[in-house]
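What follows is a predicted protein model with its sequence.
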Amino acid sequence: MDSASNWAAGAAAALQDALAPLVAAGRVPGGVITAGTAGGPRTTLACGTVAPECGPVAPDEHTRYDLASLTKVVATWPLVGRAVREGLLDLDAPIRDILPDLPAPGARLTVRQILTHTSGLFDHTYFDRYLGIPTPLAQLICAEPLISEPGRQHHYIDRGFILLGLLLPALYGRPLDRLAGDLWRELGMTETAYGPLARSPKVAPTEARLAGAPHIWGTAHDPSAALMGSVAGHAGAFSTTADLAVFAEHTLASRWLAESMRPAAYIEPGRHRGLAWIIADTGPHSGPVAYHHGFTGTSMHLDPRTGRYLVLLTNAVYHGRDSSLLVPIRALAITALTSPA
């Protein structure tokens, strides 16, 4: 076994070992880990079951999970990169150039500020407050007061990527799910799609929002994406570790990732926001890595220096919301990504 194979097998096993106790304790139904190197070997390991609704069926690399905010980097971010590459979008031009009816103060924001989460947009989504109002959603978002001066402070929010998910169809004249679907098919990602999806053991359910109610299954867990028909710039996509491995391999060699990994906004010591991705400084003997998480229990980690990637898909919200549940395994992913073979 060569060093790349050794690393992939070891990294996947380390994350599986970290996930297994959560599954055994009944805190997570199950999950899938894929570790690999661009153009090289990959290893996939799994734990647990898809969900109680699916009986004893174990998840695998073809089980579809709700990506939640991984949608930002798997759908919206590459589509923005394509628009920039095609000369259709200027990252530093105000978004009113594409959506001219937007009101102040949001109309002056730039795509770069949105991608770096420095837009200053209102940091709670709360779309139920807009129910029954005939004003277009993009206008409602932009009319809200800003919480900080654009470009100055990092606030992780969904509203900016929701705006991008409305801007891209205006730019291309086609719906977001169709734009993303075409991109995914071009990359060979045949199992990735926006919801709603038919309920089956190949689709992992997420949370039961109300006690005694059925679990969300095949539709977006994110409440704002659900109000938007499961198609939004910040959430709503479903995928598998097999497809996300394909996405990672294409992304690792891209100029768009290299540009996006330039630190743009300070988060905390050793962490900055690039364009969409979080950039982690892993020390003097290894380069920076890029990663992003999804609230449902999903993560992707990329190391362009070595070509390595790690994908973790779970439905960790199935039994309830505990934002600390996957913190150790996500930290382990960064360590594993940069460890020797």
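That came through fine. Numbers count the residues shown, from 1 in each chain.

what number of residues lie near R108?
The local packing of R108 (other Cβ atoms under 10 Å) involves 14 other residues. Placement of C-beta: from N, CA and C, glycine included.

That one reaches P150, doesn't it?
Yes: contact status for R108 versus P150: in contact at 7.2 Å, counting by Cβ atoms under 8 Å.

So which residues of this protein form strands?
Ranges of strands in the chain, per DSSP state E, are 30-37, 42-48, 65-66, 193-194, 237-239, 265-268, 271-273, 278-280, 289-294, 298-303, 308-314.

Pick the most buried one from these.
strand 65-66 (a mean of 32; mean count of other Cβ atoms under 10 Å).

hey, which helix is longest across the chain?
helix 3-24 (DSSP state H).

Can you give the contact residues for that one?
The contact list for helix 3-24 (Cβ atoms under 8 Å, 6 or more residues apart in numbering) reads 1, 28-31, 33-37, 40-48, 308, 310, 312, 314, 316, 325, 328-329, 332-333, 336-337, 339-341.

still on that earlier bit, and the strands of the chain as TSV, adding mean pLDDT and distance to A8?
Formatted as TSV, the strands of the chain follow (pLDDT from 0 to 100; distance: least, Cβ to Cβ, whole Å):
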stretch	mean pLDDT	distance to A8
strand 30-37	98	4
strand 42-48	98	4
strand 65-66	98	20
strand 193-194	98	27
strand 237-239	98	19
strand 265-268	97	29
strand 271-273	98	26
strand 278-280	97	20
strand 289-294	98	16
strand 298-303	98	12
strand 308-314	98	8
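
who does H301 bridge with?
Per DSSP bridges, the residues bridged to H301 are Y291, L310.

quick one, what contacts it?
By Cβ under 8 Å, 6+ apart, the neighbours of H301 are 289-291, 309-311, 333-334, 337.

7 Å instead?
289, 291, 309-310, 333-334, 337 (Cβ atoms under 7 Å, 6 or more residues apart in numbering).

from these, which single one is nearest S230?
Nearest to S230 out of these is Y291 (Cβ to Cβ; 24.4 Å).

Wait, the closest one touches I278, no?
Yes: in terms of Cβ atoms under 7 Å, Y291 counts as a neighbour of I278; the distance is 5.5 Å.

follow-up on the earlier one: can you give me the buried ones in the longest helix of the chain?
Going by neighbour count (16 or more other Cβ atoms under 10 Å), the buried part of helix 3-24 is 4-5, 7-12, 14-16, 18-20, 22-23.

Could you list the low-pLDDT ranges of this structure?
Residues of the chain meeting the criterion pLDDT under 70: 1, 341.

change it to 90
1-5, 123-126, 128, 282-287, 321-323, 339-341 (pLDDT under 90).

Now do the same contact list for the residue nearest the centre of it.
The chain has L70 as the residue nearest its centroid, 0.8 Å off, counting by Cα atoms, centre = their mean. By Cβ under 7 Å, 6+ apart, the residues touching L70 are 292, 294, 298, 300.

Using JSON lines, please lay out the residues you listed together with distance to G195.
Formatted as JSON lines, the contacts of L70 follow (distance: Cβ to Cβ, whole Å):
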{"residue": "H292", "distance to G195": "19"}
{"residue": "G294", "distance to G195": "14"}
{"residue": "T298", "distance to G195": "14"}
{"residue": "M300", "distance to G195": "19"}
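
Nearest to G132, out of the strands of the chain?
Closest of these to G132 is strand 193-194, at 24.5 Å (criterion: Cβ to Cβ).

now for the closest one, which elements pack on it?
Helices and strands touching strand 193-194, by 3 or more Cβ pairs under 7 Å, 6 or more residues apart in numbering; DSSP states H and E, are helix 176-187.

Could you list every helix and strand in contact with the helix it packs on?
helix 77-85, helix 159-172, strand 193-194, helix 241-252.

so which of the ones you listed gets nearest A226?
Once these are compared by Cβ to Cβ, strand 193-194 is nearest, at 11.8 Å.

Who does that closest one pair with, and is each partner parallel or antiparallel?
In the sheet, strand 193-194 lines up with strand 237-239 (antiparallel) (DSSP bridges).

neighbouring contacts of the strand it pairs with?
Residues outside strand 237-239 that contact it (Cβ under 7 Å, 6+ apart) are 64-67, 71, 74-75, 191-195, 197, 203.

Identify, from these, the entry nearest to Y156.
Y156 lies nearest to T71 out of those, by Cβ to Cβ, at 14.3 Å.

The closest one - how many residues pack around it?
With neighbours defined by other Cβ under 10 Å, the count for T71 comes to 30.

now swap in G320 and tell me
There are 10 residues near G320, going by other Cβ under 10 Å.

Quick one: neighbours of the nearest residue to it once chain neighbours are set aside, just the number.
Among residues not flanking G320 along the chain, E207 sits closest, at 7.2 Å (Cβ to Cβ, 6 or more residues apart in numbering). By the measure other Cβ under 10 Å, the count of residues near E207 is 19.

Double-check E207 against I216; I have them as touching.
Yes: contact criterion Cβ under 7 Å: E207 and I216 qualify, at 5.8 Å.

hmm, back to that, let me have the strands of the chain in a markdown table, adding distance to L99 as columns.
Shown next, in a markdown table, are the strands of the chain (distance: least, Cβ to Cβ, whole Å):
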| stretch | distance to L99 |
| --- | --- |
| strand 30-37 | 38 |
| strand 42-48 | 40 |
| strand 65-66 | 28 |
| strand 193-194 | 21 |
| strand 237-239 | 23 |
| strand 265-268 | 24 |
| strand 271-273 | 24 |
| strand 278-280 | 27 |
| strand 289-294 | 25 |
| strand 298-303 | 29 |
| strand 308-314 | 33 |
